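Provided below are the primary sequence and the corresponding predicted coordinates.
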Amino acid sequence: MAETKKERYEDSELYRIRHSAAHVMAEAVIELFPEAKYTIGPPIENGFYYDFDLPRPLTPEDLEKIEKRMRQIIAGHHKFNRRVVSADEARQIFTDQPYKLELIAGLEQGGFDEYGNPLDEKPEISIYTSDTFTDLCRGPHVDNTGQINPSAVKLLSSSGAYWRGDEHNPMLQRIYGTAWKTAKELEEYLWQVEEAKKRDHRKLGKELEIFTFDEEVGPGLPLWLPRGGVIIDELEKLAKEMEDKAGYLRVRTPHLAKEDLFLHSGHLPYYAESMYPPMELEGVKYYVKPMNCPMHHKIFGSKPHSYREMPVRLAEYGSCYRYEKSGELFGLMRVRSMQMNDAHMYCSEDQFEQEFMGVIDLYHKYFEIFGIDRYIMRLSTHHKNGLGKKYVDNERLWLKTEDMVRRAMDNGEVPYEEVPDEAAFYGPKIDVQIWSVIGKEFTLATNQVDFAQPGRFNLTFINRDGQEETPLCIHRAPLSTHERMIGFLLEHYGGNFPVWLSPDQVRVIPITDSHNDYALSLVSQMKEQGIRVEADLSSERMNSKIRQAQLFKVPYMLVVGEREMSEGTVSLRRRDGSRTDAMPIDKFIRVVKDRIEKRSRDL
RNA sequence: GCCGACGUAGCUCAAUCGGCAGAGCAACCGCCUUGUAAGUGGUAGGUUAUGGGUUCGAUUCCCAUCGUCGGCUCCA
């Protein structure tokens, strides 16, 4: 389905407009910097970019100048002329453009297109000329620059980007722009971007007092505030309930271990860069754990197992530490300390499909509870070039396990897309991909096959024939890490958590201080029932108290004054502004408890 | 890690050309006794991220470090 959508964009007028705008931008940039070397400039979702090798970094003033010049070029109604050329002729044309020469060489060999994507057949080499600018380009473009609406084009930012996306290559300067058919569409897009920023989990997390960072604690090490702690407790409660039902056993493991453990697991050679450096005590190196698997393997291996008790499922909300590169940190979504909804299931090969799909089923149950529907399941497979480097060197097992996953997903009729060269080092996996409000893609949940580690740890069970057999291992984290899950949920709900997850469920608002005692009696009744409730006894006016509760997105506000006090009722105001007056407190408590127990998304 | 921008009170933001660092909200102390999103008066709050340098004088200019942001790379 994603395939046809993609096709459609490439065939669309917007695509041609954006691609053409990128050329116009390149022309303007080269006028400003005649010595510029230009590389590639494709349309992307919502816009386009172009990468240049420039003599100095671009400033915001440069962007203004370039944008202004672009409008002039557009006004010239310059025609886009396509011409097919031979590789030799192309080399003549781009003789002082080293990046283009590299692209031509790639095209000539037929290995890759101008964006570095592998190609099956040798492509035609075409060039497009409009006004003074000629580019090596596959097209398509609009007929002439006049078809770009000058009031619907805007340059957004400039930044660094590696040539061909490889960090060993020189860094180029990328200019991002956006182009639409009408000024109104542009305006709407920019407005949407601004609106999305209001839902950014970093902003909401601060406003709602969920988490904070402290320079002295360290980058990527979030501090969970009391309200965040409540959400964590609720998520763990949910996980325990679901996992108990699904037959998991709960374990606990230390935060660090000796170097030997991670050498044994294979993490050290494959994963060392992302681990905090070791601490050495009495000649022994210890590492804080970047994942829980080796510890769980040790638990499985701590006693012999019979086929009768398989599969064995070990679960833990495990704290892990990963040394993510400084520039990669991003709010709660990419951190250095995390608590993972981890579990490892050890099973025989013929139990695999059922176990694997059991996890997929668990995903679906969770997504139903949270109302998550915008995601893609992605099967990440190995690539043979990475065997022995990125991936455990056993192609037979790679192919076999990848096929097992495909078959399981197909039999379960679960849609997924397949992406090569994205697997874990020990096996293929199904990732659940989601997007943050500002458009970054993340893996939320993961379900991984591991055919490597059980063998490395000599894990076995005794099968029906009395023989030792090595189990497969499934690593899974349907609720992700607390960090990424709560970061995602903050944006997913825009801060309006369902009642069961809300840090504050009820706020009682006495109208004057003569109603404080009544408010407090309501609070103690509700607390008795396990409801998270506080009374606002400040000397502020009711309006101000309501505003406070609204800002914290408290689901229920109970306004109480003379009337309510004499009747034993409450006046209910919900977070969405709706009201129910003269509600008996017993009834209110029943409704709220029902919502909480059912983990309802209703308000 | 790389390219670039930014860092002022708890929060959101001011401060002309290098010339005494300010406001609103929040906090604290009062007054007001209130009916569905901000009642009101006052008080306090700062080594302008940190460390150097230039200058009679630095929030402002320069250098380094730390952190954040936008990208790139990476992402179990």
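Yes, it's here. Numbering: from 1, shown residues only, chains lettered A, B, ... in the order given.

all contacts plus neighbour counts: C-alpha atoms, from now on.
Noted.

Give me the neighbour count for A:M526.
Neighbour count of A:M526, defined by other Cα atoms under 10 Å: 21.

Enumerate every residue touching it.
A:M526 makes contact with A:532-533, A:589 under the criterion Cα atoms under 8 Å, 6 or more residues apart in numbering.

Kindly indicate the member of the residues you listed with the most neighbours.
The contacts of A:M526, ranked by neighbours (other Cα under 10 Å): first place A:V533, 21 neighbours.

In contact with it, which residues?
Counting by Cα under 8 Å, 6+ apart, A:V533 touches A:504-508, A:523, A:526-527.

quick revisit: in helices only, show me the contacts of A:M526.
Counting by DSSP state H, the contacts of A:M526 place A:I589 in helices.

got TSV for the contacts of A:M526, with pLDDT and distance to RNA strand B too?
Shown next, in TSV, are the contacts of A:M526 (pLDDT from 0 to 100; distance: Cα to the nearest atom of the strand, whole Å):
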residue	pLDDT	distance to RNA strand B
A:R532	97	19
A:V533	97	17
A:I589	98	17
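
closest to A:R250 among the contacts of A:M526?
Set against A:R250, the nearest of the contacts of A:M526 by Cα to Cα is A:R532 (27.4 Å).

Now do the contacts for that closest one.
A:503-506, A:526.

same thing but 6 Å
A:504-505 (Cα atoms under 6 Å, 6 or more residues apart in numbering).

What pairs with the one helix or strand A:M377 maps to, parallel or antiparallel?
Using DSSP states H and E, A:M377 sits within strand A:376-380. Here strand A:376-380 is paired, per DSSP bridges, with strand A:417-419 (parallel), strand A:429-435 (antiparallel).

Relative to the whole chain's centre, how far out is that strand?
Distance of strand A:376-380 from its chain centroid, counting by Cα atoms, centre = their mean, to the nearest Å, is 13 Å.

cool, and stretch A:270-277?
So, by Cα atoms, centre = their mean, the centroid of stretch A:270-277 is 22 Å from its chain's centroid.

Okay, buried residues for that stretch please.
Residues of stretch A:270-277 classed as buried under the neighbour-count rule (16 or more other Cα atoms under 10 Å) are A:270, A:272, A:274-276.

does any part of that stretch sit near RNA strand B?
Yes - under the criterion of Cα under 7 Å from any atom of the strand, RNA strand B is reached by stretch A:270-277 at A:271, A:274-275.

Between these, which sits nearest RNA strand B?
Of all those, RNA strand B sits closest to A:S274, with 4.6 Å by Cα to the nearest atom of the strand.

Per-residue confidence, the closest residue to the closest one other than its chain neighbours, what does it come out as?
What sits nearest to A:S274 in space, not counting adjacent residues and going by Cα to Cα, 6 or more residues apart in numbering, is A:Y323, at 4.7 Å. Listed pLDDT for A:Y323 reads 94.

Can you verify A:Y323 is assigned to a strand?
No - A:Y323 is assigned coil when assessed by DSSP: H, G, I helix; E, B strand; the rest coil, not a strand.

residue contacts, it?
Counting by Cα under 6 Å, 6+ apart, A:Y323 makes contact with A:274-276, A:336.

and the residue in the stretch 301-450 of chain A that RNA strand B sits nearest to, how many neighbours?
Distance from RNA strand B to each residue of the stretch 301-450 of chain A (Cα to the nearest atom of the strand) is smallest for A:G327, at 3.1 Å. Residues lying near A:G327 (other Cα under 10 Å) number 6.

my read is it is in a helix, agree?
Yes - A:G327 sits within a helix when classified using three-state DSSP.

Could you measure from it over to A:D166?
The spacing between A:G327 and A:D166, counted by Cα to Cα, to the nearest Å, is 16 Å.

OK, contacts around A:W224?
Contacts were defined as Cα under 6 Å, 6+ apart; by that measure A:W224 touches A:F211.

ugh, wrong one, I meant A:S380
A:419-420, A:422-423, A:428-429.

Of those, which is the most crowded?
Neighbour max across the contacts of A:S380 (other Cα under 10 Å) = A:P428, 28 neighbours.

ok so, going back, make TSV from the contacts of A:S380 and add pLDDT and distance to A:N458 to it.
TSV is the format used below for these (pLDDT from 0 to 100; distance: Cα to Cα, whole Å):
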residue	pLDDT	distance to A:N458
A:V419	91	31
A:P420	89	29
A:E422	89	27
A:A423	91	23
A:P428	94	21
A:K429	95	22
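
host element of the most centrally placed residue in chain A?
With distances taken as Cα atoms, centre = their mean, chain A has A:F442 as the residue nearest its mean C-alpha position (1.8 Å). Assessed by DSSP H and E, A:F442 sits inside strand A:441-450.

Can you give the contact residues for that strand?
Contacts for strand A:441-450 (Cα under 6 Å, 6+ apart): A:426-435, A:473-478, A:480.

Give me the secondary structure label for A:D517.
Quick answer, by three-state DSSP: A:D517 is helix.

The stretch 301-450 of chain A against RNA strand B: which residues are in contact?
Counting by Cα under 7 Å from any atom of the strand, the stretch 301-450 of chain A sits next to RNA strand B at A:322, A:324-331, A:334, A:422-424, A:438-439, A:441-443, A:446.

Show me which residues of the stretch 1-150 of chain A are close to RNA strand B?
Proximity of the stretch 1-150 of chain A to RNA strand B is confined to A:57-59 under the rule Cα under 7 Å from any atom of the strand.

By neighbour count, which of the residues you listed wins?
Of those, with other Cα under 10 Å as the count, A:L58 tops at 15 neighbours.

burial of A:L103, as a residue count?
A:L103 has 19 neighbours, counted by other Cα under 10 Å.

I'd like to know which of the buried residues of stretch A:270-277 is nearest to A:M485.
For the buried residues of stretch A:270-277, with A:M485 as the reference and Cα to Cα as the criterion, the closest is A:S274, at 20.9 Å.

so that closest one sits right up against A:R322, yeah?
Yes - between A:S274 and A:R322 there is a contact under Cα atoms under 6 Å: 5.4 Å.

for the stretch 451-600 of chain A, what spans make up the strands?
For the stretch 451-600 of chain A, the strands defined by DSSP state E, counting those that start in this stretch cover A:461-462, A:468-469, A:472-477, A:506-510, A:533-535, A:556-560, A:569-574, A:579-584.

Which strands or helices does the fourth one pack on?
By that I understand strand A:506-510. Counting contacts by 3 or more Cα pairs under 6 Å, 6 or more residues apart in numbering; DSSP states H and E, strand A:506-510 is packed against strand A:533-535, strand A:556-560.
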